[in-house]
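K.L.:
Sharing a sequence plus its predicted fold:
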Amino acid sequence: MNRKPWMKWFPADWRKDPNVQSCSIAARGLWREALDIMHETPVYGKLCLEDGTSLEPSLPNLAGVPPKLCARLLKELEAHGVPSRDENGILFSRRMVRDHYISEVRSKSGSKGGNPDLVKQRDKQEVKLGRARADSSEDRRQKPPNTPPPSAKQKKTFQKPTAKEVTEYAKSISFDRDGQYFIDYQKARGWILSNGKPMKDWKATVRTWKRNHDKDEEKKKKDGGNWWK
């Protein structure tokens, strides 16, 4: 078992995660229990034993939740993309696994700049960046004045929206969402999507939030609000 007496916890990330906040309070409570349990499992961040045996059948007892309710809440969490499963179907927390990996890498780093492989990679990137800057400067020196821009299609740069723009766009697609909430959440994530890639189209992200919200509302109507049964 892991014997760490503490774990990293970021309340702002938890409160602003649209996937988590789209779930019922009961589902969120179960996931919080699961996080604490996976903090103590041999494979950090995964709901399994050291030999790979899943602890999911034992989750109702470990979390103190009736089996049928536990299964229903897990299904709700997975429908909103909160937990993930590995190739063997083991439930795990992406954040916990990623943070643990980073912690392990840092703990093995040397005294001179950290992991030698990472340092070499960083040096190579800096060399490439330096060459690119030098080439760019040379191009500017050789380029005659008043040269018209190339006709080829330019790569669009991402323009961050204002809270007002987000609110107005959300209203245009019948989505009641505070634009400032969206801005604050994306700032906290560095405008990085859940797949780890930088955001290119904020309107597409708003539409994704709306789809998740609509699915949650539809499920609540089907269940009649009786999620505890």
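P.N.:
That came in fine, so what should we check first?
K.L.:
hang on, Glu76 packs against Ser24?
P.N.:
Yes. Assessed by Cβ atoms under 8 Å, Glu76 is found in contact with Ser24 at 6.6 Å. C-beta here means a position set from N, CA and C on the backbone, and glycine is covered the same way.
K.L.:
Downstream of the helix or strand bottoming out on mean pLDDT in the chain, the next helix or strand is which one?
P.N.:
Ranked by mean pLDDT, DSSP states H and E, the helix or strand of the chain with the weakest confidence is helix 116-142, at a mean of 55. Under the assignment DSSP states H and E, the closest C-terminal helix or strand after helix 116-142 is helix 163-172.
K.L.:
mean confidence for that next one?
P.N.:
What helix 163-172 shows for mean pLDDT is 93.
K.L.:
Give me the contact list for that helix.
P.N.:
161, 176-180, 182-183, 202-203, 206, 210 (Cβ atoms under 8 Å, 6 or more residues apart in numbering).
K.L.:
and it, how far out from the chain's middle?
P.N.:
Its chain's average C-alpha position is 23 Å from that of helix 163-172, according to Cα atoms, centre = their mean, to the nearest Å.
K.L.:
And the next helix or strand past that helix?
P.N.:
Next helix or strand after helix 163-172 toward the C-terminus (DSSP H and E): helix 179-188.
K.L.:
Can you tell me which helices and strands that next one packs against?
P.N.:
In terms of contacts (3 or more Cβ pairs under 8 Å, 6 or more residues apart in numbering; DSSP states H and E), helix 179-188 is packed against helix 11-16, helix 163-172, helix 202-223.
K.L.:
Okay, buried residues for the helix or strand hosting Leu77 please.
P.N.:
Assigned by DSSP H and E, Leu77 belongs to helix 67-79. Buried residues in helix 67-79, counted by 16 or more other Cβ atoms under 10 Å: 70, 72-74, 76-77, 79.
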